[in-house]
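Chemist: Any chance you can model this:
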Amino acid sequence: MGHPATITQVDSGEEVPGKVIVVSPATDPASTTVQVWVEAENPGEKLKPGASVHAVIITEMFKAATVVPITAILPGEEKGTAVLTVSADSTAHKKPVDLGVREGNKVQILSGVNPGEEVVIVGGLGVDDKAKVKVVTTTVEESDDDDTPAPPEPAKK
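Modeler: Below you'll find the predicted structure:
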């Protein structure tokens, strides 16, 4: 109750801010859903009774959380999870991690990896702990076309 929410109209995509005013204590056993009421302003009466909408409710915010791509997560010891970090000497280190909230293709790391540590996101399965690895960066940097030197002219015979 009281958490912020955003209502998005299915047909127009228009978003309307609101807040949760009722959360039913009962769960529908057939659909395993819970009824939630969101109160929102309705300027111009754009929200119509019976119209389909999507609602996003922010239940908790994590500021300055350590996150990694979900592809970095590997199976760990005893049904746990792990990531491979890469040290300055290009050595892979398998570290057990505790996971938090997942959103899209990113997952929060509660413990095991510190901000700024490089993690392996492709090809980590099959890499042993303390193995030497080669870091391949796939980011593309934009270049300023004005500073690009012209190609040299071919030598004339």
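Chemist: CA only for contacts and neighbour counts going forward, please
Modeler: Noted.
Chemist: Val67 touches Gln108, doesn't it?
Modeler: Yes: with contact defined as C-alpha atoms under 8 Å, Val67 reaches Gln108; the gap is 4.3 Å.
Chemist: OK, contacts around Ile70?
Modeler: 105-107 (C-alpha atoms under 8 Å, 6 or more residues apart in numbering).
Chemist: swap the cut-off to 10 Å and go again
Modeler: 102-108, 121 (C-alpha atoms under 10 Å, 6 or more residues apart in numbering).
Chemist: Kindly provide the distance from the residue nearest to the spatial centre of the chain to Ile70.
Modeler: Closest residue to the average C-alpha location of the chain: Lys106 at 2.9 Å, with C-alpha atoms, centre = their mean. Distance, Lys106 to Ile70, by C-alpha to C-alpha, to the nearest Å: 5 Å.
Chemist: any weak-confidence spans in the chain?
Modeler: Within the chain, the ranges that satisfy pLDDT under 70 run 138-157.
Chemist: Would you mind identifying the next helix or strand past the helix or strand that contains Gly18?
Modeler: Assigned by DSSP states H and E, Gly18 belongs to strand 15-28. Once strand 15-28 ends, the next helix or strand along the chain (criterion: DSSP H and E) is strand 33-40.
Chemist: buried residues in that next one?
Modeler: The neighbour-count check on strand 33-40 (16 or more other C-alpha atoms under 10 Å) flags 38-40 as buried.
Chemist: From these, pick the one nearest Ile57.
Modeler: Nearest to Ile57 out of those is Val38 (C-alpha to C-alpha; 9.0 Å).
Chemist: Who are the contact partners of the closest one?
Modeler: By C-alpha under 10 Å, 6+ apart, the contact list for Val38 reads 1-7, 17-23, 55, 57.
Chemist: okay, among those, which ones form the most distant pair?
Modeler: In the contacts of Val38, two members sit farther apart than any others by C-alpha to C-alpha. They are Pro17 and Val23, at 17.5 Å.
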